[in-house]
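In: following is a predicted model, sequence given first.
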Number of protein chains: 2
Amino acid sequence: MLDLSTTVLEETIDPSNWEDLRETGHRMLDDMIDYIKQSPDRKVWQPIPAPVKEALDVAVPKEESSLNEVYNSFQQNVLPYALGNTHPRFWGWVCGNGSATGMLADMIASAMNPTTSFGEHADLYVEKQVLDWTKEIYGFPRSSSGILTTGASLANILAITTARNFYNKEIRKKGIRNINGQLVMYASAETHSCLQKAVELLGIGSENLRKIAVDENYQVRIDLLEEQIKQDKANGFLPFCIVGNAGTVNTGAIDDLETLASIAKREGIWYHIDGAFGAVPKLLPEYTERLKGVELADSIAFDYHKWFYVNYDVGGVLIRNPQAHKEAFEINASYLAHHERGIIAGDLNFNHLGIELSRGFRALKVWMMLKEQGLEKYSRLVRQNIQQARYLVELVQANDQLQLMAPVPMNIVCFRFYKEGLSADKLNALNKEILMQLHESGIAAPSFTVIKGAYVIRVAITNHRSKGEDFEILVNEVQRLGEHLLNID
Amino acid sequence: MLDLSTTVLEETIDPSNWEDLRETGHRMLDDMIDYIKQSPDRKVWQPIPAPVKEALDVAVPKEESSLNEVYNSFQQNVLPYALGNTHPRFWGWVCGNGSATGMLADMIASAMNPTTSFGEHADLYVEKQVLDWTKEIYGFPRSSSGILTTGASLANILAITTARNFYNKEIRKKGIRNINGQLVMYASAETHSCLQKAVELLGIGSENLRKIAVDENYQVRIDLLEEQIKQDKANGFLPFCIVGNAGTVNTGAIDDLETLASIAKREGIWYHIDGAFGAVPKLLPEYTERLKGVELADSIAFDYHKWFYVNYDVGGVLIRNPQAHKEAFEINASYLAHHERGIIAGDLNFNHLGIELSRGFRALKVWMMLKEQGLEKYSRLVRQNIQQARYLVELVQANDQLQLMAPVPMNIVCFRFYKEGLSADKLNALNKEILMQLHESGIAAPSFTVIKGAYVIRVAITNHRSKGEDFEILVNEVQRLGEHLLNID
């Protein structure tokens, strides 16, 4: 018989010299701790030079390299050209900062290297623990189901899928075409585009997402919603889901979540909340009233990598009805059959609760950060960000060259540089140029949006490194750039 | 005006003492390097004691803890109860081992902490680089599109979505109900359950996934496929996609990929390949013939955390027609609008190529591991695993108490303990008990499946730590357990 050990060379990916690996690893760790620690001392962002892009566009490597060589290439071509969201003056889109603890947790999770799908291993219990904690935070019953995802986009998709499959239990088998009518979903016009992606993916179609207009506070118009549902029912459409916003992406608006809950209940349809970042102030007593209704939802999607400042990527979804959750996704295959003992024992089958079978151990960083910081400190940090938004509003309002462009119910501030007599187009171009120069100078990184036709500078504060002075720097620089650009124009 | 810096305490998640953090971090890194290095010395797996589960089922923490306390809890309650796939004798399902380099890459990626969706930052170019390398490996043109995912399940879903939306460009807007007929997809009965999940998610319905029977080699029956397409067309169904398997989950069978390509071409429908692990031998000249046709597909889904041994989670999809890919997912929102300059410049908008907006930097570990190992070494490692499968076949065939239960075209071996005169049920129960005791003793971790009604021990070898002697240990232990269980029965 073939004796494999003598006929082939037994190779491995493990290092031939573990002490060399250890030395390089410790150097990397020191560098990364310095990188995080020194975030405030760097420019927020810088453009990528052409030679760097060329170095990242080469043929697939055939031969081996040393880890040190690989790391050198990383240090030269990757590290200096980051997105910049570790910086105290990064306020673009809605990004968290991450933390050193989160980084260490990711290192540990990667060393253990499980796939967190099914079976009997501790990582699954850590995920359940994190989900149970999240139920406490959002006021969901312990009997609810849930699963972690890469983020709220995927979490929203899982929730809407559950709503669809719960509405009609034949859909999984027969498909949408064979149910007796057109499904329709309701959400405000300010709802995140990932909800449109959800209805497109699910075969419902974007024209069957009813985008209900908002009021002056960017909250969904309840009267228009009720009218639309009435009209749709009269026309034979099948309303299956209402989506409420706990924090819209443009302005942080919170819909009237309690009223939405009662409408959904009355109509007998699923009530989902997109709380990607904006349900987190549920931690604060002063937001109890405004976020009332979160605890009434059938499902809620959220991120930890935004306002819990956990490292990318990790979000999740809670679903009140565990049976509905399971029935939406469970598939039994002979190679995954449940056993009472061994590695495949255990009841935490996350593969039955979503659309991924391979899943990394992203629960660990949430578990470690929540344990280390505790909810009381998280409450203070979230409150601090909301107070910073109010501070920025004051700075804007105290400056007659700046205009506040939308109400600020939470942590998002939209403003612009303003000069009387300039056309709408000129104002838009001017503010866009201000933003570009803010980015290019590396001083600050807000993002932008369009509000009632106006290009605005948008500051979304989910940043545990921002200090009061950072907002002063922003406002001073916007004013300086605005004046400078007007002068050279 | 409010001076924020004097009215509120400015807190952060950053450590108050960076040197304490650094000390704990280095201790963690040493522990994790030891953990990986000492994998062969541990039991593959052990059950989780009840007190550990209780420690992972407590109320959400309110107060702060030190990082050392958190780490102690991890060391006590999480680390010892891993899935076990870092071990040289873990061959369950299809899992890779990960590596120390992958762990360090995950640490670094987490320190940089980007969301890899859109804009102008180096992580996006690293992802493009990894995708371009993968095109070289699978013979896709450089003009193809692609995106990384958590794994092949999600990758398959993105491919089938693209196929569906390409078939009828009205589906995104109008939904499936409004197209003129029922979509049907074709795949062999041995196809992974994630493809069924895909058609269920997409509103097509599982009964419209035609599961075509396989031949004695577990390859799709081409004659039955052609007959089914013909019959479906005659009955007014709309064939939109054929799925080929490059490595089925049960036995590693490779469909006749080239013939499937020509059928799809003739019928004018999308040709997708699920190559989760089994397309990787495209690296080997001796598999050129068998994997012919991979390079003809419209799309291919694959994992790096399986047979490239990269740490969980990272897979991806390549799509030949970049326009079709983009048109399947792109949504333009004012808060994400493209700019020519600043952070949002750049053409690598992965948010337009999938269903996630938040995405971690999972490309880095693939980039670092491919650079460090190079394709030549990867080829040797993949060949080594295939040779190990053949060695295991020889060991099984040389032992008259063991039965080989399916052909072994690649790296998956299905066998069982056999005793003449035992009923089918008794044999199934006996082999299940053998597997349970293999797991419980911590000696080896194959998984199982059911082949023609027989419960079999299934050994899937995507493990860079396995050596020839590990398979000898497995075979000896299966034989010993089988005899022992028969004696005490």
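Out: In hand now; what should we look at?
In: would you map the strands across chain A?
Out: With DSSP state E as the criterion, chain A has strands at A:90-91, A:145-149, A:183-188, A:209-212, A:238-245, A:270-274, A:299-303, A:315-319, A:402-404, A:412-417, A:445-451, A:454-460.
In: closest one to chain B among the ones you listed?
Out: strand A:445-451 (4.1 Å; C-beta to the nearest C-beta). C-beta: built from backbone N, CA, C; applies to glycine.
In: could you check the angle strand A:412-417 makes with the closest one?
Out: If you take axes from the mean of the first three to the mean of the last three C-alpha atoms, to 10 degrees, strand A:445-451 sits at 80 degrees to strand A:412-417.
In: so who does the closest residue to chain B within the stretch 301-450 of chain A touch?
Out: Residue of the stretch 301-450 of chain A nearest chain B, by C-beta to the nearest C-beta: A:S358 (2.9 Å). Contacts here follow C-beta atoms under 8 Å, 6 or more residues apart in numbering or on different chains; on that basis A:S358 touches A:T115, A:S117, B:T150, B:G151, B:A152, B:S153, B:D303, B:H305, B:Y312, B:D313, B:G315.
In: which pLDDT does the model give the closest residue to it other than its chain neighbours?
Out: Leaving aside its chain neighbours, A:S358 sits nearest to B:G151 (2.9 Å; criterion: C-beta to C-beta, 6 or more residues apart in numbering or on different chains). B:G151 carries a pLDDT value of 98.
In: I'd say B:G151 and A:I355 touch.
Out: No - contact criterion C-beta atoms under 8 Å: B:G151 and A:I355 do not qualify, at 10.2 Å.
In: more neighbours, those two?
Out: Counting neighbours by other C-beta atoms under 10 Å in any protein chain shown for B:G151 and for A:I355 shows that B:G151 has the greater number, 28 against 25.
In: now do the contacts for that one.
Out: By C-beta under 8 Å, 6+ apart, the residues touching B:G151 are A:E356, A:L357, A:S358, A:R359, B:A276, B:D303, B:H305, B:D313, B:V314, B:G315.
In: most surrounded residue in those?
Out: Neighbour counts for these, by other C-beta under 10 Å, peak at B:H305, which reaches 31 neighbours.
In: and that residue, how close does it get to A:A454?
Out: From B:H305 across to A:A454, the span is 46 Å (C-beta to C-beta, to the nearest Å).
In: and for A:L392?
Out: Distance, A:L392 to A:A454, using C-beta to C-beta: 18 Å.
In: any weak-confidence spans in the stretch 351-489 of chain A?
Out: By pLDDT under 70, the stretch 351-489 of chain A contains no weakly predicted segment.
In: hang on, I meant chain A
Out: A:1-9.
In: in it, which helix is the longest?
Out: Among the segments of chain A that qualify as a helix by DSSP state H, the longest is helix A:363-397.
In: near chain B at all, that helix?
Out: Yes - using C-beta under 8 Å from any C-beta of the partner chain, we find that helix A:363-397 touches chain B at A:364-365, A:368-377, A:380-381, A:384, A:387-388, A:390-391, A:394-395.
In: OK, contacts around A:D470?
Out: A:P88, A:R89, A:A444 are the contacts of A:D470 under C-beta under 8 Å, 6+ apart.
In: hang on, the last one packs against A:R89?
Out: Yes - judged on C-beta under 8 Å, A:A444 makes contact with A:R89 at a distance of 4.1 Å.
In: common neighbours of these two, please.
Out: Counting by C-beta under 8 Å, 6+ apart, the contacts common to A:A444 and A:R89 are A:V44, A:D470, A:I473, A:L474.
In: return the member of these nearest to A:A55.
Out: Nearest to A:A55 among the shared contacts of A:A444 and A:R89: A:V44, at 23.0 Å, using C-beta to C-beta.
In: distance check, A:N165 against chain B.
Out: Noted for A:N165: a distance of 8 Å to chain B, by C-beta to the nearest C-beta, to the nearest Å.
In: and for A:E289?
Out: 22 Å.
In: A:S193 too?
Out: 4 Å.
In: what about that residue, how many neighbours?
Out: Look at A:S193: counted by other C-beta under 10 Å, it has 18 neighbours.
In: what residues does it make contact with?
Out: Each residue near A:S193 by C-beta under 8 Å, 6+ apart is listed here: B:I331, B:A333, B:L336.
In: these also near chain A: which ones?
Out: B:I331, B:A333, B:L336.
In: surely A:G175 meets B:L201?
Out: No - the criterion here is C-beta under 8 Å, and A:G175 misses it with B:L201 at 10.8 Å.
In: helices - which of the ones next to chain A among the contacts of A:S193 land there?
Out: Per DSSP H, helices hold no members of the ones next to chain A among the contacts of A:S193.
In: ok so, going back, pull out the buried members of the residues of helix A:363-397 next to chain B.
Out: The neighbour count (16 or more other C-beta atoms under 10 Å in any protein chain shown) marks A:364-365, A:368-375, A:377, A:381, A:384, A:387-388, A:391, A:394-395 as buried among the residues of helix A:363-397 next to chain B.
In: let me know the closest of the shared contacts of A:A444 and A:R89 to chain B.
Out: Nearest to chain B among those, with distances taken as C-beta to the nearest C-beta, is A:V44, at 8.4 Å.
In: burial measure for A:V393, as a count.
Out: 18.
In: what's the closest non-adjacent residue to it?
Out: A:V393 sits nearest to A:V408 (C-beta to C-beta, 6+ apart), 5.3 Å away.
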